[in-house]
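Peer 1: no sequence on this one, just coordinates:
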């Protein structure tokens, strides 16, 4: 959610890819892709953002902490990041999501968004459950 120099961003993508491969992820057994190249992530985030109220996002602790650390000048990207996370989960109709304790509230938001969408438009998204990790 913070602006990065293009060269730094490109290097971060390469470094992250190298770290994923170094951890033993086998690209022959899974799909590796750059999320930013999949327009459906942003498109679904927009749709879900239209179903999410701002007061709910303002109550999230991550927003409060980062907003305070940015001298009360948090960006729209920072505020709506949890909706993008929900889109990342729901786009693939995920049923289980590994999360740390610090992300439980974001997953609960994704669950609420899925339920709200399903109630309004019919059963479409599974409601994802957390797999808590340390």
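Peer 2: Now that the structure is in, tell me what you want to look at. Predicted model, so just to flag it, every value in this text is computed and none were measured.
Peer 1: In contact with the residue lying farthest from the centre of the chain, which residues are there?
Peer 2: Most distant residue from the mean C-alpha position of the chain: residue 28, 25.1 Å away (C-alpha atoms, centre = their mean). Not one residue lies near residue 28 by C-beta atoms under 8 Å, 6 or more residues apart in numbering. Placement of C-beta: from N, CA and C, glycine included.
Peer 1: How confident was the prediction at the residue positioned nearest the centre of the chain?
Peer 2: Nearest to the mean C-alpha position of the chain, counting by C-alpha atoms, centre = their mean, stands residue 85 at 1.4 Å. pLDDT, residue 85: 95.
Peer 1: on that earlier part again, give me the secondary structure label for the residue farthest from the centre of the chain.
Peer 2: With DSSP: H, G, I helix; E, B strand; the rest coil as the basis, residue 28 sits in coil.
Peer 1: before we move on, the earlier item: wait, isn't the residue nearest to the centre of the chain in contact with residue 106?
Peer 2: Yes. The criterion here is C-beta atoms under 8 Å, and residue 85 meets it with residue 106 at 5.3 Å.
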